[in-house]
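*Asks:* My questions concern the predicted model and sequence given below.
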Amino acid sequence: MIKDLHSTLRSNVKLNAVYTALQESVKGDDDGTGKNVLTATELFLSSLTALEGTIQRENPTGEMELLQLLEYSLSSHDMNEEIFHSQFSLLSRVLRAALQAHTDDDNTENVGNSNALLRQISNVSQCTLSLLPRNEKEASKLLNDCILSLFRSSSPKIRRCAHGNCMVLLQETSGMQNVFSTIVGEYAQNVIKQCAKQFEHIRHEDIPKVMHILNFMQGALVYFPVSAYIA
């Protein structure tokens, strides 16, 4: 079983119930021998399929648990790399659709739940991008929609989560670091330029956006490649 997942399942009833349902759909009823345990790749595929169906429902259930199981599978060293790359575009679309659904949720009673889901979507997106997907166009969409867009959140918890996940990606030592830093740099530049243009008539609610991005960039610049400064 995936590292640390077994102990988590024992202490989390809801997560265990969702895992068991996925396990039965893939392997059949548990015969007690332990042979029905899902591999990281099986967990990834079954969680992704279930999440795709869940977000299309009017009153989805088990969404948080499916996102948590996705994160476990993506964090495992046993994930099949080729299967991940083949499913990346679908994963990106599903995560972006899930985020949009909760960003548009106007039900004040669901605010706490939606905020927790938005943070979890950001976490899964960071895990996904850390696996260095080959489709840079789709990777750019995922970074922009599921991490950078949350920089504008009115919730400090969501902003801190997005900042932290973005910082992890900027610390990548692979070739993708240049891709990530370019996207983040362009985002920060656009926010600051937009507010600078309206400086004399800037709206009060826009001031925190600039302050948040400047605060983030203060710590992030050290991780930008030298080429970013030269450009």
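*Replies:* Arrived safely.
*Asks:* what's the closest non-adjacent residue to Ser73?
*Replies:* Phe44 (3.8 Å; CB to CB, 6 or more residues apart in numbering). From N, CA and C alone the C-beta is placed, and that goes for glycine too.
*Asks:* Tell me the gap between whichever helix or strand the one you found is part of and the middle of its chain.
*Replies:* Take DSSP states H and E as the rule and Phe44 turns out to sit in helix 40-54. Remark: helix 40-54 is offset 15 Å from the chain centroid, using CA atoms, centre = their mean, to the nearest Å.
*Asks:* Can you tell me what sits against it?
*Replies:* 2, 18-19, 22, 25-27, 38, 60-63, 66-67, 69-70, 72-74, 76, 78-80, 83-84, 87, 90-91, 94, 98 (CB atoms under 8 Å, 6 or more residues apart in numbering).
*Asks:* Just to be sure, which of those are found in helices?
*Replies:* 18-19, 22, 25-27, 63, 66-67, 69-70, 72-74, 83-84, 87, 90-91, 94, 98 (DSSP state H).
*Asks:* Restrict those to the buried ones and give me that as a PyMOL selection.
*Replies:* The buried residues among the ones in helices among the contacts of helix 40-54 can be selected in PyMOL (16 or more other CB atoms under 10 Å) with this line:
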select buried, resi 18+19+22+63+66+67+69+70+72+73+74+84+87+91+94+98
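*Asks:* element containing the closest residue to Asp29 other than its chain neighbours, please.
*Replies:* Closest residue to Asp29 apart from its sequence neighbours, by CB to CB, 6+ apart: Asn36 at 7.9 Å. Here Asn36 sits in a region with no helix or strand, counting by DSSP H and E.
*Asks:* which residues touch Arg160?
*Replies:* Counting by CB under 8 Å, 6+ apart, Arg160 has no contacts.
*Asks:* tell me the SS of it?
*Replies:* Here Arg160 is recorded as helix under DSSP: H, G, I helix; E, B strand; the rest coil.
*Asks:* Can you tell me how far it is from Ser125?
*Replies:* 15 Å (CB to CB, to the nearest Å).
*Asks:* next one: Phe180
*Replies:* Using CB to CB, Phe180 is found at 12 Å from Ser125.
*Asks:* now Tyr19
*Replies:* Counting by CB to CB, the gap from Tyr19 to Ser125 is 21 Å.
*Asks:* now do Cys161
*Replies:* As judged by CB to CB, Cys161 and Ser125 stand 11 Å apart.
*Asks:* Likewise for Glu58?
*Replies:* Separation of Glu58 from Ser125 (CB to CB): 24 Å.
*Asks:* What of His212?
*Replies:* Distance from His212 to Ser125, by CB to CB: 19 Å.
*Asks:* and these two? which has more neighbours close in?
*Replies:* Each of His212 and Ser125 has its neighbours counted (other CB atoms under 10 Å); Ser125 has more, 28 against 18.
*Asks:* Could you find the closest non-adjacent residue to the residue nearest in space to the middle of the chain?
*Replies:* With distances taken as CA atoms, centre = their mean, Ser125 lies nearest the centre of the chain, 2.4 Å away. Nearest residue to Ser125 in three dimensions, chain neighbours excluded: Cys146, at 3.9 Å (CB to CB, 6+ apart).
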